[in-house]
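Participant: Give the three-dimensional model of this entry:
(chains A and B)
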Amino acid sequence: MKIYLMRHLQVLVATLGDFARHPSATLLTVAMIGVTLALPAGLYAGLLNVERFTRDWHGQMSLAVYLKKAAPGNQATAVIQRLPGVRRARYISPEAGLQELAREPGMGHAIRVLHANPLPGVVLVTPRAIQPAALQDLVAQLKARPDVAHVQSNIAWLERLNAALALGRRLVLVLSALLSFALILILSNTTRAAVASRSTEIEVIRLVGGTPAFIRRPFLYAGAITGVFGALCALLLLEIALFALNGPLHRLDALYASTYSLTGLTWRQAWLLLALGGGLGWLGARLAVGWHIRKDGLS
Amino acid sequence: MIEFSHVFKRYEGGNEALSDINFQVASGEMAFLTGHSGAGKSTILKLIALMERPTRGQITVNGRLLARLRPRRLPFFRREIGIVFQDNKLLNDRTVFDNVALPLVVAGVSGDDMRKRVQAALDKVGLLARERSFPPTLSGGEQQRVGIARAIAHRPALLIADEPTGNLDAAMSDEIIDLFSDFNVHGVTVLIATHDLRHIERLKKRVITLGRGHLVQGA
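Facilitator: Next up, the predicted model:
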């Protein structure tokens, strides 16, 4: 076991040494993989930001429950407040509603024309959950009450948003799959070139009794290491892009008096990207080695 | 050590390289394999090292029936033999030391043990002082000696050589052949393919002669 690990370590060191000796070709491949991985990783980061943004926005979401004319407002509000899906319920009486409306520009005159207050009592409900299904349940529950005339919600809008986000997630997935495939192709091509340029070495190793695993190992390490470096390059590109976008965003924020800023991938996601790069690199190299290192000369 | 029994080798296109070859080389023996170019000398060596398989017939090397050897075991079989090539097949981007170490690295020998064995092999061929050099900086004879050091570093029981003196002048050739003879004295079975009759007369060893794929003499 110790010998086995030692040999792997030797190959790792030798491969890194090889990279150091021929930096230009390696850098080109690494940059290629970096761009390939940065695209889906960037989209994913963008999606995470949109999700975070809508979550913040969900916190301010509320339902307007219009009561029937005769219903006693404070009593109804107290009952609604006790429902399990409700975080907070606030009663706006017809009089308070009218006063609020009168403050809107141009409405004061219109209201003075009216003889009686046409507004119903309204309970503003802040729901506990923000998932469409839970919201729909709550709306149905409220609508079923005898003292409720109408419930206004923006569930439809929320559903559209969620559908758009689901589409975004699927898009990231499809794009990731496609570009992962591209990455495998890039690395298998690089590996093919490496195999061709080291054909004498492969032949000699075979003749002195090297096992196929021994022959494959340096190529697999090269593939995996190139993949990891490519992923590192992608993370770097992503950080640069975020840095570039956050400047204008903060200016926009200042104008809207909000404090939103884009965040990159978390550490966990970054590690995952590195692992993905390494794994795909290994896979690409393994495929190429399988194709291009001919079976031992027993033809 | 080596036994050929009714061995035929036909290449694609109907070219028959060997037909009905029968011979034996005993353990500890040294023999020359000779004949004109194209007579089948290289083919016989390739069959011994399992670089190719015979069309028909049985070959036994070091007690193993080659037809029964599983592909997975092939690398381990190769570690039992040492092969010297006419063009020596050295890796030019690695030092002499690393070239000679290759069969040991492949077999998992490392550290001090590996260093001692590489240096012993280089010492035997008289190139210990050049262990840090790269092969292209050496003369043809020196390169061939590095090739021989590589072939014996893992102490094989059988040493086969394909025209090891093909590119060398007479004095260097004698040196190389004497080296093989010395290994043989120490118990290694040696089979050398050569068309240089001078060595054969000088050393008085057994000769196996091929002519157009047939065994002419020495079975």
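Participant: okay, CA-based contacts and neighbour counts for the rest of this
Facilitator: OK.
Participant: pretty sure A:Met61 contacts A:Arg128?
Facilitator: No: in this structure A:Met61 lies outside contact range of A:Arg128 using C-alpha atoms under 8 Å: 9.9 Å.
Participant: State the distance from A:Glu104 to chain B.
Facilitator: To chain B, A:Glu104 is 85 Å away according to C-alpha to the nearest C-alpha, to the nearest Å.
Participant: ugh, wrong one, I meant A:Leu283
Facilitator: A:Leu283 is 23 Å from chain B, where distance means C-alpha to the nearest C-alpha.
Participant: which element is the spatially closest residue to that residue that is not a sequence neighbour on?
Facilitator: Spatial nearest neighbour of A:Leu283, excluding adjacent residues (C-alpha to C-alpha, 6 or more residues apart in numbering or on different chains): A:Ile184 at 6.7 Å. Element membership for A:Ile184 (DSSP states H and E) is helix A:155-197.
Participant: follow-up on the earlier one: number of nearby residues for the residue nearest to A:Leu283?
Facilitator: Residues within reach of A:Ile184, counting by other C-alpha atoms under 10 Å in any protein chain shown, total 25.
Participant: Go ahead and confirm it touches A:Gly281.
Facilitator: Yes: taking contacts as C-alpha under 8 Å, A:Ile184 lies within contact range of A:Gly281: 6.3 Å.
Participant: Just the CA trace of whichever helix or strand comes after the helix holding A:Ile184, in PDB.
Facilitator: As assigned by DSSP H and E, the chain's next helix or strand after helix A:155-197 is helix A:199-207. Extracted in PDB, the C-alpha atoms of helix A:199-207 (Å, rounded to 0.1, in the frame of the first residue of the first chain):
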ATOM      1  CA  SER A 199       4.800   6.700 -28.300                       C
ATOM      2  CA  THR A 200       8.500   5.700 -28.000                       C
ATOM      3  CA  GLU A 201       8.300   5.900 -24.300                       C
ATOM      4  CA  ILE A 202       5.100   3.900 -24.200                       C
ATOM      5  CA  GLU A 203       6.600   1.200 -26.400                       C
ATOM      6  CA  VAL A 204       9.700   1.000 -24.200                       C
ATOM      7  CA  ILE A 205       7.700   0.900 -21.000                       C
ATOM      8  CA  ARG A 206       5.700  -2.000 -22.400                       C
ATOM      9  CA  LEU A 207       8.800  -3.900 -23.400                       C
END
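Participant: For helix A:199-207, buried residues please.
Facilitator: By neighbour count with 16 or more other C-alpha atoms under 10 Å in any protein chain shown, helix A:199-207 contains the buried residues A:Glu201, A:Ile202, A:Glu203, A:Val204, A:Ile205, A:Arg206, A:Leu207.
Participant: That one relative to helix A:155-197, how many degrees between them?
Facilitator: Interaxial angle, helix A:199-207 versus helix A:155-197 (axes from the mean of the first three to the mean of the last three C-alpha atoms, to 10 degrees): 80 degrees.
Participant: List the residues that contact whichever residue of the stretch 51-200 of chain A sits closest to chain B.
Facilitator: Residue nearest to chain B within the stretch 51-200 of chain A: A:Thr200 (7.5 Å; C-alpha to the nearest C-alpha). By C-alpha atoms under 8 Å, 6 or more residues apart in numbering or on different chains, the contact list for A:Thr200 reads B:Lys89, B:Leu91.
Participant: How about B:Arg68?
Facilitator: By C-alpha under 8 Å, 6+ apart, no residues touch B:Arg68.
Participant: Which positions in chain B make contact with chain A?
Facilitator: B:50-53, B:74-79, B:82-83, B:89, B:91, B:102-103, B:106-108, B:151 (C-alpha under 8 Å from any C-alpha of the partner chain).
Participant: Go again with 6 Å.
Facilitator: B:Met51, B:Glu52, B:Pro75, B:Phe76, B:Arg78, B:Arg79, B:Pro103, B:Val106 (C-alpha under 6 Å from any C-alpha of the partner chain).
Participant: Which one of the residues in chain B is closest to chain A?
Facilitator: Nearest to chain A in chain B, going by C-alpha to the nearest C-alpha, is B:Pro75, at a distance of 4.1 Å.
Participant: I'd say that residue and A:Gly209 touch.
Facilitator: Yes: counting by C-alpha atoms under 6 Å, B:Pro75 sits close enough to A:Gly209 to count as a contact (4.1 Å).
Participant: so where's chain B uncertain?
Facilitator: For chain B, applying pLDDT under 70 flags the ranges B:219.
Participant: Run through the strands of it in chain order.
Facilitator: B:2-10, B:16-25, B:30-34, B:56-61, B:64-65, B:81-84, B:158-162, B:189-193, B:206-211, B:214-217 (DSSP state E).
Participant: Please name the residues that touch A:Val172.
Facilitator: By C-alpha atoms under 6 Å, 6 or more residues apart in numbering or on different chains, the residues touching A:Val172 are A:Pro40.
Participant: tell me the pLDDT at it?
Facilitator: In this prediction, A:Val172 carries a pLDDT score of 88.
Participant: May I have the phi/psi pair for the nearest residue to A:Glu95 once chain neighbours are set aside?
Facilitator: The shortest distance from A:Glu95 to any non-neighbouring residue, by C-alpha to C-alpha, 6+ apart, is to A:Asn117 (7.4 Å). A:Asn117 adopts backbone torsions of phi -70, psi 110, taken as degrees, to the nearest 10.
Participant: Ends of stretch B:7-16, what's the gap?
Facilitator: 11 Å (C-alpha to C-alpha, to the nearest Å).
Participant: Stretch A:74-87 now?
Facilitator: 17 Å.
Participant: Turn the strands of chain B into JSON lines, columns for mean neighbour count.
Facilitator: Compiled in JSON lines, the strands of chain B are given as follows (neighbours: other C-alpha atoms under 10 Å in any protein chain shown):
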{"stretch": "strand B:2-10", "mean neighbour count": "19"}
{"stretch": "strand B:16-25", "mean neighbour count": "18"}
{"stretch": "strand B:30-34", "mean neighbour count": "24"}
{"stretch": "strand B:56-61", "mean neighbour count": "19"}
{"stretch": "strand B:64-65", "mean neighbour count": "13"}
{"stretch": "strand B:81-84", "mean neighbour count": "26"}
{"stretch": "strand B:158-162", "mean neighbour count": "24"}
{"stretch": "strand B:189-193", "mean neighbour count": "25"}
{"stretch": "strand B:206-211", "mean neighbour count": "20"}
{"stretch": "strand B:214-217", "mean neighbour count": "16"}
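Participant: All set now, cheers.
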